[in-house]
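Q: Below is the sequence, then the predicted model.
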Amino acid sequence: MNKPGTTESKSRPLRIKLRRTRPLPFVTGAPGDQIKWDDDEEEEEVEYPNLATPKVRRSLNLKPKRNIWKAGEVTELRLGVRKYGEGNWAKILRNSSIVNRSAVDLKDKWRNMQKKY
């Protein structure tokens, strides 16, 4: 049972028994007595996406894949900084042919390039 707007994932369904109980303040009996609803026996399938938690990623040594910077991207970054100035990373990104990078990626690469030279 998928929620609207989600995609199919290879996750196993989790079966949950829904129990709704409430204290009965208006019924005679011991304080804290609970009532069992008629639909207690219904089971609902809930699917969770198959996402690795940080703890699981560490145990499996799953690291995000690094995208190595190509020489053309570095040249575009240098030209963009020369034209728009340091700090205008979004503007450089919009007006260059660099793809699959974020403004933060540009900032980090520029900072690392400054350390080298």
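A: Good, I have the coordinates.

Q: Can you give me the distance of Leu106 to Gly85?
A: Distance, Leu106 to Gly85, using CB to CB, to the nearest Å: 13 Å. C-beta coordinates here come from the backbone N, C-alpha and C atoms, glycine included.

Q: Looking at those two, which one has more neighbours?
A: Leu106 (22 against 10; other CB atoms under 10 Å).

Q: That one - nearest residue in space that isn't next to it in sequence?
A: Distances taken as CB to CB, 6 or more residues apart in numbering place Trp89 nearest to Leu106, at 4.5 Å, with adjacent residues excluded.

Q: repeat for Asn67
A: Leaving aside its sequence neighbours, Asn67 sits nearest to Asn100 (CB to CB, 6+ apart; 6.5 Å).

Q: and what of Ser96?
A: Nearest non-adjacent residue to Ser96, counting by CB to CB, 6+ apart: Glu76, 4.5 Å away.

Q: And for the one you found, the neighbour number?
A: Quick note: Glu76 (other CB under 10 Å) scores 19 neighbours.

Q: Same question for Arg66.
A: Arg66, neighbours per other CB under 10 Å, totals 6.

Q: phi, psi of it?
A: Main-chain torsions, Arg66, degrees, to the nearest 10: phi -80, psi 130.

Q: can I assume Ser97 is in contact with Glu76?
A: Yes: in this structure Ser97 lies within contact range of Glu76 using CB atoms under 8 Å: 6.0 Å.

Q: What are the boundaries of the helices in this structure?
A: With DSSP state H, the ranges of helices along the chain come out as 54-60, 71-84, 89-94, 103-116.

Q: could I get those as JSON lines with mean pLDDT?
A: Output for those, formatted as JSON lines (pLDDT from 0 to 100):
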{"stretch": "helix 54-60", "mean pLDDT": "74"}
{"stretch": "helix 71-84", "mean pLDDT": "96"}
{"stretch": "helix 89-94", "mean pLDDT": "96"}
{"stretch": "helix 103-116", "mean pLDDT": "93"}
